[in-house]
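*Asks:* Starting from these lines, generate the structure:
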Amino acid sequence: MGILTFVIGDALDGIMAYFGTIAILAAWTPFILLVLLVILPAITVYTIIYGFLMEIRIFRNKTVNLIIALSIGSSAIFLPLPPFGVPVFGLLVAFLFGAMAWWAIFVFSIMFFVGVWYLFLTRRAKWGTTSAVYGAYQDEAKGLSFELRAINESLADAMRRMAKETDPNTRAGIEASVRELTDRKNDLSERIREMEEIRRRL
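*Replies:* The predicted model follows:
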């Protein structure tokens with residue numbers, strides 16, 4: 001019995017809160033209508049007309065443009081629809097602005113999801129390209145390191161042979177070979193340093 005009383009009381013509280021909200025909205029209805037049918041159309045018409053007048057520059061005086069824009073806006077707000085006698089302009093502005101608001105939300109949602117998906121695809125392609133380039137640089141650097149190691153071994157062997165060689169002609173040939181190996185070693189070392197710098201930037 002206590003549970004039933006609690007449920008009924010909770011339901012009654014919800015109903016009272018609902019009707020209280022309705023009462024608040026009803027109390028604010030004149031102000032809402034004033035905003036939708038008077039203030040919003042007035043600001044809209046004034047802004048559009050004033051912008052047109054400032055753009056086409058018929059009157060150089062800003063005060064004249066301001067007065068004309070206010071006059072046109074004020075006269076258009078209460079323009080009645082002849083058969084019904086209602087402020088058709090205010091209703092039209094309220095309808096158009098509401099439709100544009102929903103349309104803007106719809107278009108923004110589509111653009112947002114499409115943009116996020118496109119960004120994901122672009123980033124994924126970029127990551128794949130970067131990974132492939134990084135792997136290619138790594139393989140090339142590994143090959144250059146092997147070649148540099150072989151040149152160092154050849155250079156050490158040539159230096160040993162040159163130290164033991166007594167024949168001037170043979171020694172001159174070994175010295176030329178040492179110079180070539182040294183130049184190649186310097187080129188490879190520079191190339192490896194450049195590739196390491198590029199890999200760090202990736």
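*Asks:* where are the low-confidence patches of the chain?
*Replies:* Scanning the chain for pLDDT under 70 picks out 1-29, 33, 36-37, 76-91, 93-94, 125-137, 165, 198-202.
*Asks:* Helices of that one, residue ranges please.
*Replies:* All helices of the chain, identified by DSSP state H, fall at 2-34, 40-56, 62-77, 88-164, 168-201.
*Asks:* ok, and for the second one, which residues are buried?
*Replies:* Across helix 40-56, burial judged by 16 or more other Cβ atoms under 10 Å covers 40-42, 44-46, 49-50, 53. Just so you know, the C-beta spots here come from the backbone N, C-alpha and C atoms, and that holds for glycine as well.
*Asks:* Just give me the closest of the residues you listed to L66.
*Replies:* Nearest to L66 out of the buried residues of helix 40-56 is Y50 (Cβ to Cβ; 6.6 Å).
*Asks:* Compute the number of surrounding residues for the spatially closest residue to the closest one that is not a sequence neighbour.
*Replies:* Counting by Cβ to Cβ, 6 or more residues apart in numbering, A69 is the residue found nearest to Y50 once chain neighbours are left out, at 3.9 Å. Neighbourhood size, A69 [other Cβ atoms under 10 Å]: 20.
*Asks:* How about I174?
*Replies:* There are 20 residues near I174, going by other Cβ under 10 Å.
*Asks:* didn't it look like it was pressed against A158?
*Replies:* Yes - taking contacts as Cβ atoms under 8 Å, I174 lies within contact range of A158: 5.6 Å.
*Asks:* residue contacts, W102?
*Replies:* Residues near W102 by Cβ atoms under 8 Å, 6 or more residues apart in numbering: none.
*Asks:* how much space between it and L40?
*Replies:* Per Cβ to Cβ, to the nearest Å, W102 is found 16 Å from L40.
*Asks:* repeat for I32
*Replies:* When distance is defined by Cβ to Cβ, I32 is 11 Å away from L40.
*Asks:* can you check T63 too?
*Replies:* 25 Å.
*Asks:* And for V178?
*Replies:* For V178 relative to L40 (Cβ to Cβ), the value is 90 Å.
*Asks:* Could you do R191 as well?
*Replies:* Taking Cβ to Cβ, one finds R191 at 70 Å from L40.
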